[in-house]
Structures are given as C-alpha cells and as structure tokens.
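> Following is a predicted model, sequence given first.
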Amino acid sequence: MNDALRSKINVALTAAVAFAVGLFLAAELDLTPRSMAAVQEAELTVGASTDQLDRLQDLSFREGFADIVDEVSGAVVTIRVEKPVETREVHPFPFRRPDEDREAPRTRPGTGSGFIIDADAGYIVTNNHVVQGARDITVQLADRREIDDVEVVGRDPQTDVALLRIDAPNLHSVPLGSSEELAVGEWVLAVGSPGFESMGGSQQVLRSTVTAGIVSAKGRSINILTRQSQLAIEDFIQTDAAINRGNSGGPLVNTRGEVVGMNTAILSETGTYQGYGFAVPTRLIGQVVEDLMRYGEVRRAVLGVSITPVDPALARYLGLKEVRGVQIQDFSALASGQSPARQAGVRRGDVILEVDGEPIQSVPDLQSKIRGYDPGETVTLRVARKSGDQEARRVEVEVRLGAADTGGRQARAEDAGADVDNPLGIQVRPIPAELRAELDLSDDIDGVLIQEAPPSSPLRSAAGGWSRFPVLLTEIDGEAVTGLESYRDAVAGLEPGTVHRVQLYFTNPEGSGQYSYVTLEIPEG
C-alpha cells in the first residue's frame, strides 16, 4: 500500500469516527435539531382539537378561490345606463337665467354591476344609485348576451338596494347567504362586472373582476345614505377586498360561494380604492327584495325617533356596564300622526338597551333590528331612564310600530322610471314628514315633492331650470295638488299640444319659500 492511499484511508476513518461520536453525543444530550416542518406541526397541535386541525388544513388554498369564482361569476352582470346630465345652474330661481347661459340637455353613460338571485323569474339585485334616474338600462350577461328590455321592479334609496327583472333563458343565479353568521376576519370575495370600454373600440375589458380580502368590520355607518334621508339604514360590512368604480352592485361572497353582501361604497381621498370598501349586508337586501317582490314597494316599520349613539360619558352617567345603546334625542311625526314611541311613553333622553330581549349596540344595530319588523307589530323596548339626582332605572315600554313614509308607490317601476315619460317629464312623491318638519312648512302648503326632473323635461325647461334644493308642485291649471292621487288625475288630462299653467313652491334652507307659476306647452309625441 503506497503512502497516498494510506493517507486517504486515515482521513476516511477519522471522519467516520467523528461522525459516530457526534451522533452519540447528540442522542444522549437531545441536541438533534428538528426540521421547520416538525416545529410548525408541534406548534399547531398544541391545544388544538381535531376539528380545529381540519379547519386549519382547509386554509391551504392550493387552488385559491377558483371553484368559487367559477360558480359565482356566471350570475354577475354588467348594468349600463344613460342618465341626464345637468350642465350649468347659474340662478336658483326660474326666469332669472339668461338664454345664453342655457345649454342643450345631454346624457352621460354609466356602468355598474348586479347579480341574478332567481334564474327562473329573472330577478337581478343592484344598487339604487346605479339605476336611479336612468333613462335607458341595458343588462349584459356573463355570456355577453345583452338585454335591453329591463324592468325596474322597485328601488329603495334608504338602503341603496334596487331590484330589476329581465326575461331571458338559461340564466345562472347565486344563493343568498347569512350576513349574520359572517365573522370579522373571514375571507370574502368581491365580484363585479364593470364592463369598461377599451379606448377607441368596442371590445369589452374588465368584463368580470374578482378581488379577495377579509371582513374588516361589521355594522359600519359612513354617513353616505343618512345625510340624504333620516330613514336611511347604514349597517355596512367593511372589507379590504378591492372595490372600485363600476363594481357597485356586485356581490360580496363567502368561501361557500354564498352572497353575504352587495358592494356599495368606498372611503377614499382619491376616488379610487384605498383599503376601505363597504357592502350592504344580505340581512337588509333580503328584507327589501322580499317587500319589492311582494308589494312592489318597501314597507318599513319605524319607532318615530331621532337617535344618537351612547358615548362613554353617557354610559357612566346612567351607570351602564358597557358603552352601548342609543339615546332618544327627539320624536318625528309620521304622516299618519304622532311618533309611535312617544305615544307609547318613551321619553326624550331615554337610552334604548334592548328590543324584544335582544341587546342594542349601536344606531345601525337598532335600525336593522326594527327593519326586521312589519308596520303594526308591537315590540318591547328596555330603556335606561334617569331623572334628577335619582339613580337610573330600567323601564320596559311596548311600542306599536308605525309605517315609514317612503313615498308609497314611488318605489314601484311606474314611478321609478316611467314617470319621466309623463307629460311634465318629472318624478314625484308625497312630501316626507321629515322634510316638512325640517323646512318648517306651514299646514297650508301642500302638494307633491319633485324627486327627479331631467333638464329635458318640459316643466323644468319651461321654468328655466332650478338648483337641487327641494321643489314642490302645488297646483295644475288652478286645481290644488294635495297628493299623488290628485297629481295623477291632473296630469292624465294633459294632452300633447295643449298649454297649461303649473304652480311650484321653491323652498330654501333658511325656512322661507316662494311660489312661482310656470306656463308650458305639452310637447307633441
């Protein structure tokens, strides 16, 4: 054996002896390092039940959300609308704007999303703000079929929900799930079909979009609806799934492929997504849709109160263990009479803690719970009440709920869209009780509220236009208009080519107003 071979053998023997010694020491001293996978497995199994481990294994998402998207996307539609555009408003009152300030009426296109909830009947849910005031509505299905004959079954501005209907074969629907069972931190998908046009051509882009995120919060109020109506209900689901323009009306779905909300709004300083998206929960959607299907209008129960949330100082004053509940600030009269809560014995300053034994956390919570009842039903309120130096006491009051003045048939199809085609070209509704109180209208001022009046409408054109503050129609050809029925009777006799005089009442924020007569000719055709 030569020296070189002997050296190699010695090196190999030395390495083998060293490895064996190392194994012996590691075994005796328990120094054998575990792999990362073994460490993670041990950590996951500590205190975890078999069910928990099964759920954790489900979160692998090796295939992402592909199966859910395949199941849902076929029910999501693009909604295209044409809406009138007001070009310029120089003077708030009629007959004050010179002719050179007037511009020809024009329309602007808009897009939104929607989702089919009943394939057989063709019902589609979308946002009210997507279709409100639209002259023309077109629905494009996921398979690119376009439907021009779209019926507006009804709209509810107070929840921003609208129900449409189309007649087409082979539709695909998506089921409504429970927003009540939705948990903060749960995965959700925001699905939309904005249908934006590509530059310089007719090819559709962004026909369907899907974004994923989690439920960031529930029961959010962002003052986007309530600043327009005291009857508005804001009980939004907040999500960080990206929502942008054109996605309004699309479904927010859980990992079972069920709709738990409808994408509605974002909070943004730029007009684009910044991480705060909001969806109407299915609890509200289901209630509104059921009313619209059954009655053609929304029937909403109300307490007839003005409320604010409980803050820490008020909770301490009343000796509440938790900062929750809502405080009665004032009462609102209904069209049918006094506030139901006031008639039942509720007082200003009372704090509502429970409704039929269910705890009340916030203003949206109370609104949503009351929304679940029908007008005329009786609920038991548990309130905290304090007088003078006495300790706060708990009082139970039974209240027979009243009916909200949502405009009656104004939410129905003939008033939501077709009224634009009436001889005056306007949409009207009864004067809401809260508006009458807000403007301090005297009892001798009656009529109907002009809800929408496109610049092209004969009445608005003849009046020279007006700004956005409330305008009432009080008289037609010397006959007083006292409500929807008398208004409809009056306009039914307006024939093309005839001339008529209409009396309007222009309100203003200062509480005073001004009557004005407008003479117009009903256009031919």
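Good, I have the coordinates.
> outside of stretch 375-394, which residues touch it?
Residues from elsewhere that reach stretch 375-394 (CB atoms under 8 Å, 6 or more residues apart in numbering): 299-302, 317-320, 325, 328, 341, 346-347, 349-357, 370, 373, 395-404. Using the backbone N, CA and C atoms, a C-beta is placed for each residue, glycine as well.
> I'd like the average pLDDT over it.
Mean pLDDT, computed over stretch 375-394, is 89.
> Whichever strand or helix holds Q367 - contacts with which helices or strands?
Under the criterion of DSSP states H and E, Q367 resides in helix 363-371. Counting contacts by 3 or more CB pairs under 8 Å, 6 or more residues apart in numbering; DSSP states H and E, helix 363-371 packs against strand 209-220, helix 282-295, strand 301-302, strand 305-309, strand 351-355.
> roughly how far out does the last one sit from the chain middle?
Centroid separation for strand 351-355 versus its chain: 25 Å, with CA atoms, centre = their mean, to the nearest Å.
> Neighbouring strands of that strand in the sheet, and parallel or not?
When sheet partners are counted by DSSP bridges, strand 351-355 sits next to strand 326-331 (antiparallel), strand 358-359 (antiparallel), strand 378-385 (antiparallel).
> Mind jotting down where the strands sit in the stretch 351-500 of the chain?
351-355, 358-359, 378-385, 393-400, 402-403, 427-430, 448-452, 471-476, 479-480, 499-507 (DSSP state E, counting those that start in this stretch).
> Just name the most buried of these.
Looking across those with neighbours counted as mean count of other CB atoms under 10 Å, the highest average goes to strand 427-430: a mean of 24.
> Summarise which helices and strands that strand is packed against.
For strand 427-430, the elements it packs on are helix 413-416, strand 448-452, helix 484-492, judged by 3+ CB pairs under 8 Å, 6+ apart.
> one more time with 6 Å
Secondary-structure packing of strand 427-430 (3 or more CB pairs under 6 Å, 6 or more residues apart in numbering; DSSP states H and E): strand 448-452.
> got the contact list for the helix holding Q367?
When contacts are defined by CB atoms under 6 Å, 6 or more residues apart in numbering, helix 363-371 is touched by residues 219, 221, 233-235, 287, 301, 307, 309, 326, 355, 360.
> Please apply the same query to stretch 244-264.
Outside stretch 244-264, the residues touching it (CB under 6 Å, 6+ apart) are 68, 71-72, 76, 111-115, 126-127, 130, 160, 174-177, 179, 182, 187-192, 194, 237, 243, 273, 278-282, 285.
> just for the stretch 201-350 of the chain, where's the confidence low?
Filtered on pLDDT under 70, the stretch 201-350 of the chain yields the residue ranges 201-207, 226-231, 268-273, 333-337.
> Quick check: I137 vs D330, distance?
40 Å (CB to CB, to the nearest Å).
> and those two? which has more neighbours close in?
Between I137 and D330, counting by other CB atoms under 10 Å, I137 is the more crowded of the two (22 against 12).
> just to confirm, which helix or strand has that one in it?
strand 136-140.
> Next secondary structure after that strand?
Heading C-terminal from strand 136-140 (DSSP H and E), you reach strand 146-147.
> Give me the helices and strands touching that following strand, please.
strand 136-140.
> chain center to the strand it packs on, what's the gap?
The answer for strand 136-140 is 21 Å, by CA atoms, centre = their mean.
> Give me the sheet partners of that strand and which way each runs.
strand 76-85 (antiparallel), strand 146-147 (antiparallel).
> Where among those is average confidence lowest?
Among those, strand 76-85 scores lowest, at a mean of 87.
> which residues sit against the very next helix or strand once past that strand?
For strand 76-85, the following helix or strand on the C-terminal side (DSSP H and E) is strand 106-118. With CB under 6 Å, 6+ apart as the test, strand 106-118 has contacts from 75-77, 79-85, 123-126, 130, 171, 173-174, 192-195, 246-251.
> Show the buried residues in those.
With burial judged by 16 or more other CB atoms under 10 Å, the buried subset of the contacts of strand 106-118 is 75-77, 79-81, 83-84, 123-126, 130, 171, 173-174, 192-195, 246-251.
> The helix holding Q367 vs strand 378-385, what angle?
150 degrees (axes from the mean of the first three to the mean of the last three CA atoms, to 10 degrees).
> tell me which residues in helix 363-371 are buried?
Result for helix 363-371 [16+ other CB under 10 Å]: buried residues 363-371.
> Specify the angle between it and helix 282-295 in degrees.
Using the same axes, to 10 degrees, helix 363-371 lies at 30 degrees relative to helix 282-295.
> Looking at helix 363-371 now, give me its mean pLDDT.
For helix 363-371, the per-residue pLDDT averages 87.
> So that it lines up with my notes, have the first residue be 590 from now on.
Done: numbering now begins at 590, and the last item shifts to helix 952-960.
> Can you get me the centre-to-centre distance for it and its chain?
14 Å.
> Alpha carbons of it, in PDB - could you do that?
Only the C-alpha atoms of helix 952-960 are listed here, as PDB (Å, rounded to 0.1, in the frame of the first residue of the first chain):
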ATOM      1  CA  VAL A 952     -77.600  53.200  15.900                       C
ATOM      2  CA  PRO A 953     -77.200  50.800  12.800                       C
ATOM      3  CA  ASP A 954     -78.000  47.900  15.100                       C
ATOM      4  CA  LEU A 955     -81.300  49.400  16.300                       C
ATOM      5  CA  GLN A 956     -82.200  50.400  12.700                       C
ATOM      6  CA  SER A 957     -81.500  46.900  11.400                       C
ATOM      7  CA  LYS A 958     -83.500  45.200  14.100                       C
ATOM      8  CA  ILE A 959     -86.500  47.500  13.700                       C
ATOM      9  CA  ARG A 960     -86.300  46.900   9.900                       C
END
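> Filter the contacts of helix 952-960 down to just the buried residues.
For those, buried by 16+ other CB under 10 Å: 808, 810, 822-824, 876, 890, 896, 898, 915, 944, 949.
> Farthest-apart pair in the residues you listed, please.
Pairwise distances across the buried ones among the contacts of helix 952-960 (CB to CB) peak at 22.8 Å, for the pair Q876 and P898.
> In the beta-sheet assignment, what are the partners of F867?
With DSSP bridges as the rule, F867 is bridged to Q827, A854.
> and it, what is it in contact with?
F867 neighbours (CB under 6 Å, 6+ apart): 825, 827, 853-854.
> Just give the number of residues close to P964.
P964 has 16 nearby residues by other CB under 10 Å.
> right, I mislabeled it, should have said A830
Around A830 there are 24 residues (other CB under 10 Å).
> If we ignore the residues flanking it in sequence, what's nearest it?
Nearest residue to A830, sequence neighbours excluded (CB to CB, 6 or more residues apart in numbering): G802, at 3.1 Å.
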